[in-house]
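Asker: return a 3D structure for these sequence lines:
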Amino acid sequence: MTKDSPATEPHYRASVALPASCLEAFTVQGKRPDRAAAPRTPEEISELLRMAQREHWAVVPVGSGSRQDLGNPPERFDLALATTRLDRIREYEPQDLVVRVESGCRLEQLQELLAADRLCLPVDPPAYRRTTLGGMVATNASGPCRFGHGTLRDYLLGIGVIQADGSQTRFGSRVVKNVTGYDMCKLYTGSFGTLGVFSDFYFKLKPLPPMEKTVVGLFKNLPPVRSALSKLLRSPLIPIAVEFLDGGASRRLDRKLDWNGKIAGYALAVKFGDLESAVDWQVKELKEIWGSCPDGDMLVSDPREQARLWDCLREDHFCLAEPPLESVKLKVNILPSQLVQWIEEIERRLSETEVPFFLRAHAGSGVIRIYCHLDPSTSQAVRLAGLIDRWRGLLHSARGSVVIERGPADLKNRVDAWGYRYKDLKLMRQIKNRLDPREILNPGRFVV
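Answerer: Numbering: from 1, shown residues only. The predicted structure is shown next:
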């Protein structure tokens, strides 16, 4: 029988369909799907997408759901396509530093396997224990260690994609080599599930560092932060991560770690990872380079304390609002040299709105995250929407951006989550129209 035969379709749909009682769990920003399915193979994904083409269903690929707040609400939502049953690690040879893993596999599961051989996939996005590899690639998720290790794009060697018409395509391979022509892996990374559904990936791996230590610089005012960051980035030191926290975020982190007031003002956390002798030299050199810039510093060297610190710095929880307040999380992309200038701008403008906020940044990478606590009974969302428009206008000439990574419907109804206004928007639309002409994949969620 052919794969499109009506005789086979009911049996096929029953084999992957999820019960109606599961639908509420797949709600995306207030929109609930009409049906949900959890395929186990790429072939079953192909059949689902062919069916979606025939019925003109809007399909939202879903992994763990940890990044579903990102982007705009879907314009239509007919089918939730869960990838969590595609969770196998298909190939792994430690000596080759390459692994092949299915898209529904959780990052934590993969890292546990690799750690037995002192290897890792060197990415540390938020929701580390929940996120799937497919969700990470779709959103190009990253965390503090992007400064030293790069982003997921830098480790993706090959990718299996099921196109909107159900055809299966593979780009790249398990071999680390130079790419001739356009690297299609980079096109699909960060495409937010709008160009295809991922089946599996080849990743290159790195050894785990034998030793890690962190220096936390403490600052009462912002100008010394500018000087300390400039000295660090001009130095020969090679930190894994450079994280900034404002006073509010520092105090919340202090309470989370039970540090009893050790950090209270602005802070820069600088992590080094290497052989013990190299780490010790870099710690000593950093303190000499900084000189009197910080008002004090702390050295975190105990492995358990180190792990607790960076678990917190990777995640959002300690900066989020408690009900009835609503959490907003904004991502501001700037040049690293503009960090303090933009921290000052953000602090000044948000202080005028009387919206409670916390600031964190991947300071060496030029990524600021703003956490606002909105009172839904006030007009704070209106004022914040106006600020987002203002900041996007100021950043346009430098190709900066302000993205709403999390926020209530009232805010997203007033301002687009992405605010993308650059010349390559036309090219992005052409690619989307070519690969998904009927617009069944995540319609309305992404830039195009």
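Asker: measure stretch 85-105 end to end?
Answerer: 8 Å (CA to CA, to the nearest Å).
Asker: that stretch: which residues count as buried?
Answerer: Neighbour-count burial for stretch 85-105, counted by 16 or more other CB atoms under 10 Å, picks out 86-87, 89, 92, 98-105. The C-beta positions use only the backbone N, C-alpha and C, and glycine is treated the same way.
Asker: from the residues you listed, which land in strands?
Answerer: Residues of those located in strands (DSSP state E): 89, 92, 98-102.
Asker: looking at these, which two lie furthest apart in space?
Answerer: The largest separation in these, counting by CB to CB, is between 98 and 102 at 15.0 Å.
Asker: what ranges do the helices span in the stretch 151-300 of the chain?
Answerer: Residue ranges of the helices in the stretch 151-300 of the chain, as given by DSSP state H, counting those that start in this stretch, are 184-188, 223-234, 247-257, 276-290.
Asker: to residue 418, which of those helices lies closest?
Answerer: When the helices of the stretch 151-300 of the chain are compared for distance to residue 418 using CB to CB, the nearest one is helix 184-188, at 17.5 Å.
Asker: who does that closest one touch, helix- and strand-wise?
Answerer: Contact here means 3 or more CB pairs under 8 Å, 6 or more residues apart in numbering; DSSP states H and E; on that basis helix 184-188 packs against strand 156-162, strand 168-172.
Asker: which regions of this protein sit below the pLDDT cut-off?
Answerer: Flagging of the chain using pLDDT under 70 yields the residue ranges 1-14, 175-182.
Asker: domain map for it?
Answerer: Split into domains by automatic domain parsing, the chain comes to 89-207, 211-314, 317-412.
Asker: what would the ones you listed look like in JSON lines with distance to residue 60?
Answerer: Formatted as JSON lines, these follow (distance: least, CB to CB, whole Å):
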{"stretch": "domain 89-207", "distance to residue 60": "7"}
{"stretch": "domain 211-314", "distance to residue 60": "26"}
{"stretch": "domain 317-412", "distance to residue 60": "16"}
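Asker: what's the nearest residue to the spatially most central residue of the chain if we skip its chain neighbours?
Answerer: For the chain, the residue nearest the mean C-alpha position is residue 141 (2.5 Å; CA atoms, centre = their mean). Once flanking residues are discounted, residue 141 sits nearest to residue 125: 3.6 Å by CB to CB, 6 or more residues apart in numbering.
Asker: and the gap between that neighbour and residue 336?
Answerer: Remark: distance between residue 125 and residue 336 (CB to CB, to the nearest Å) = 20 Å.
Asker: repeat for residue 388
Answerer: Residue 388 sits 22 Å away from residue 336, going by CB to CB.
Asker: which one's more surrounded, the two?
Answerer: Between residue 388 and residue 336, counted using other CB atoms under 10 Å, the more crowded position is residue 388 (23 against 17).
Asker: and the more buried one, its phi and psi?
Answerer: Phi and psi for residue 388, reported as degrees, to the nearest 10, are phi -60, psi -40.
Asker: wait, it sits on residue 331?
Answerer: No: Residue 388 is beyond contact range of residue 331, at 11.2 Å (criterion: CB atoms under 8 Å).
Asker: show residues contacting stretch 42-50.
Answerer: Here stretch 42-50 makes contact (CB atoms under 8 Å, 6 or more residues apart in numbering) with 3-4, 12, 15-16, 37, 39, 59, 79, 81, 86, 160, 162-168, 197, 199-200, 440.
Asker: make TSV out of the helices and strands packed on helix 184-188 and add distance to residue 285 and mean neighbour count.
Answerer: Formatted as TSV, the helices and strands packed on helix 184-188 follow (distance: least, CB to CB, whole Å; neighbours: other CB atoms under 10 Å):
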stretch	distance to residue 285	mean neighbour count
strand 156-162	33	23
strand 168-172	39	16
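Asker: need the helices of the stretch 151-300 of the chain in CSV (columns: distance to residue 215).
Answerer: CSV is the format used below for the helices of the stretch 151-300 of the chain (distance: least, CB to CB, whole Å):
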stretch, distance to residue 215
helix 184-188, 34
helix 223-234, 10
helix 247-257, 15
helix 276-290, 6
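Asker: of those helices, which is nearest residue 63?
Answerer: When the helices of the stretch 151-300 of the chain are ranked by proximity to residue 63 (CB to CB), helix 184-188 comes first, at 14.8 Å.
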